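Undergrad: what follows is a predicted protein model with its sequence.
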Amino acid sequence: MSRSAYQIYTLDNGLRVAHVKTPSSALVHCGFVIHAGSRNDGDLPGIAHCLEHMFFKGTQKRKTYHVLNHLEVVGGELNAFTTKEITTLYASVQRTHFKRAVDILCDVAFRSVFPENELKKERLVIADEIQMYRDTPEENIYDEFQELLFENHPLAHNILGDTDSLNKIQRNDLLSFTQQNYHPDNMVFVVVGSLSADRVLQTVNQFSEVHFPKKEPLIRQAIPWNYKSFRTVKESDFGQAYAIMGLPAYSETHPKRFALMLLNNLLGGPGMNSRLNLSIREKYGYAYNIESGYQPYSDAGMFHCYISCEEKYMQKSLQLIEKEIKKLKDQKLGKVQLSQAKSQICGQLLMSNENRSGLLIHIGKGILKYGRAKNIEETIAEIKKLTTEDLQDAANESFDFDSFSYLNYAPTK
């Protein structure tokens, strides 16, 4: 059986449970994956993320301390995070404490009460989090670039929101958001661990005895988006210069997404042998941090290159990035280059698949968005089919220099 193979079951109340039975392991990872993120914030940017914080602030039967302490006392972890399209509430515990983990997860997901006094305090905490990111240029420039790139599209929403929108969020808004998004059609409970299916279903069924009112299925449609390229330079108090160049890219379902995934890995992926790292860092010593990224979403995507360096090297570095991108468009990879590039990304995928928490999220997202999650072997098979012509075609279609946008933080002179 594939390490990412899973079985899916539906409880009487409609909640889906996905179970990955792994080889013998002392740990179990489990949690809810919910098809709601910052793109669902509507008129209150940051509400999905605020809700993630408020899940830990008390339920119908537990105070804040008891929620936070429930798994910590047995060496477990209870956590959550929000992305553009997904929210995840998850736990990692010793398998002997699986029941304890399911209890607290169902309690916070279905019975949180969002106390007014806790919401007041948490606004201050999130405001501090927003400021922390603003003081972190590599995070700040990425968020701002997405806001500009996806202007007038729900994906533009900063996941944290801003202080103005944060202060508008009220308890009733949190209740409305959960009623809209936290129901069986929009969530799945995933369990990864060496447990039997009977034990998993019996335990989840015990703690998720919630009567969900009937709802009309959410209709998700692609959102129209009129992209306009931009070139923006901002003065900053940071000592270094920071820049992102990027443009719209293939969505999660586009047939050429695997080609762009491989191109991105070759150009500026995590390997020290990426073309950008070898050219800009190793050959010239211009930058410590240079990378590219490809982020696909349900109905859109973004490709970008990021660099931080001394201001005097910025223009030359951007020219070198453009030079490496042009090579991908103009020159086909040789057979050996293609084989090595495929081997590298397949090895990285296999290693990431060993991350059980990441596997949990991957399976939940796949089921929610597309009815099933691809296993690692399917993805590797798609990558192995790619030809040099496929890569060059994707490069020429994706990397239109007239469509690139640029955002630069330049030190104040």
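TA: Arrived safely.
Undergrad: quick one: the helices in the stretch 201-350 of the chain?
TA: 257-268, 275-276, 311-330, 335-353 (DSSP state H, counting those that start in this stretch).
Undergrad: quick one: closest of the ones you listed to Pro411.
TA: helix 311-330 (5.6 Å; Cβ to Cβ). C-betas here are computed from N, CA, C, even on glycine.
Undergrad: buried ones in that closest one, by neighbour count?
TA: Tyr313, Met314, Ser317, Leu318, Leu320, Ile321, Glu324, Ile325, Leu328, Lys329 (16 or more other Cβ atoms under 10 Å).
Undergrad: would you map the helices across the stretch 51-200 of the chain?
TA: 64-72, 98-111, 116-134, 137-149, 163-168, 171-181, 197-207.
Undergrad: redo these as JSON lines? Include mean neighbour count, mean pLDDT and distance to Arg39.
TA: Formatted as JSON lines, the helices of the stretch 51-200 of the chain follow (neighbours: other Cβ atoms under 10 Å; pLDDT from 0 to 100; distance: least, Cβ to Cβ, whole Å):
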{"stretch": "helix 64-72", "mean neighbour count": "15", "mean pLDDT": "94", "distance to Arg39": "27"}
{"stretch": "helix 98-111", "mean neighbour count": "21", "mean pLDDT": "96", "distance to Arg39": "20"}
{"stretch": "helix 116-134", "mean neighbour count": "14", "mean pLDDT": "95", "distance to Arg39": "18"}
{"stretch": "helix 137-149", "mean neighbour count": "19", "mean pLDDT": "95", "distance to Arg39": "11"}
{"stretch": "helix 163-168", "mean neighbour count": "14", "mean pLDDT": "95", "distance to Arg39": "14"}
{"stretch": "helix 171-181", "mean neighbour count": "16", "mean pLDDT": "94", "distance to Arg39": "12"}
{"stretch": "helix 197-207", "mean neighbour count": "16", "mean pLDDT": "95", "distance to Arg39": "28"}
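Undergrad: nearest to Tyr227, of these?
TA: Using Cβ to Cβ, the helices of the stretch 51-200 of the chain put helix 137-149 closest to Tyr227, at 7.2 Å.
Undergrad: any idea how far the host helix or strand of Val17 is from the chain center?
TA: Assessed by DSSP states H and E, Val17 sits inside strand 16-21. Between the centre of strand 16-21 and the centre of its chain there are 21 Å (Cα atoms, centre = their mean, to the nearest Å).
Undergrad: mind checking how far the most centrally placed residue in the chain is from Ile361?
TA: Nearest to the mean C-alpha position of the chain, by Cα atoms, centre = their mean, lies Thr83 at 5.0 Å. As judged by Cβ to Cβ, to the nearest Å, Thr83 and Ile361 stand 9 Å apart.
Undergrad: ok, Phe189 next?
TA: Applying Cβ to Cβ to Phe189 and Ile361 gives a distance of 13 Å.
Undergrad: returning to that earlier point: closest one to Gly76 out of the buried residues of helix 311-330, please.
TA: Using Cβ to Cβ, the buried residues of helix 311-330 come closest to Gly76 at Ile321, 43.6 Å.
Undergrad: for the closest residue to the closest one other than its chain neighbours, grab the count of nearby residues.
TA: Residue nearest to Ile321 in three dimensions, not counting chain neighbours: Cys305, with 5.1 Å by Cβ to Cβ, 6 or more residues apart in numbering. With neighbours defined by other Cβ atoms under 10 Å, the count for Cys305 comes to 24.
Undergrad: and Cys305, how far from Ser24?
TA: 43 Å.
Undergrad: then Arg62?
TA: Taken as Cβ to Cβ, the span from Arg62 to Ser24 is 32 Å.
Undergrad: look up how far Asp128 lies from the residue nearest to the centre of the chain.
TA: Counting by Cβ to Cβ - Thr83 and Asp128 are separated by 21 Å.
Undergrad: quick one, domains of this protein?
TA: 7-207, 231-411 (automatic domain parsing).
Undergrad: my guess is Ala156 contacts Phe150, does it?
TA: Yes. Ala156 is within contact range of Phe150, at 3.9 Å (criterion: Cβ atoms under 8 Å).
Undergrad: more neighbours: which of those two?
TA: A direct count of neighbours by other Cβ under 10 Å for Ala156 and Phe150 places Phe150 higher, at 21 against 18.
Undergrad: what does that one show for phi and psi?
TA: As for Phe150, its main-chain torsions (degrees, to the nearest 10) stand at phi -100, psi 30.
Undergrad: test my guess that it contacts Asn226.
TA: No. Between Phe150 and Asn226 there is no contact under Cβ under 8 Å: 10.8 Å.
Undergrad: that older thread, what sits against the residue nearest to Ile321?
TA: Cys305 makes contacts with Ile244, Met245, Gly246, Leu267, Gly268, Leu276, Ile290, Glu291, Ser292, Gly293, Ile321, Ile325, as judged by Cβ atoms under 8 Å, 6 or more residues apart in numbering.
Undergrad: what about the fifth one, how many residues nearby?
TA: So that's Gly268. 26.
Undergrad: roughly how far apart are Lys327 and Gln319?
TA: On the measure of Cβ to Cβ, Lys327 and Gln319 end up 13 Å apart.
Undergrad: ok, Pro23 next?
TA: Applying Cβ to Cβ to Pro23 and Gln319 gives a distance of 50 Å.
Undergrad: for Phe145, give me its contacts.
TA: Phe145 neighbours (Cβ under 8 Å, 6+ apart): Ile244, Gly246, His304, Ser405, Leu407.
Undergrad: could the helices of the stretch 201-350 of the chain be laid out in a markdown table, adding mean pLDDT and distance to Gln180?
TA: Converted to a markdown table, these look like this (pLDDT from 0 to 100; distance: least, Cβ to Cβ, whole Å):
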| stretch | mean pLDDT | distance to Gln180 |
| --- | --- | --- |
| helix 257-268 | 98 | 30 |
| helix 275-276 | 98 | 42 |
| helix 311-330 | 97 | 42 |
| helix 335-353 | 94 | 32 |
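Undergrad: I'd like those helices laid out as a markdown table, including distance to Leu160.
TA: A markdown table is the format used below for those (distance: least, Cβ to Cβ, whole Å):
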| stretch | distance to Leu160 |
| --- | --- |
| helix 257-268 | 26 |
| helix 275-276 | 29 |
| helix 311-330 | 27 |
| helix 335-353 | 26 |
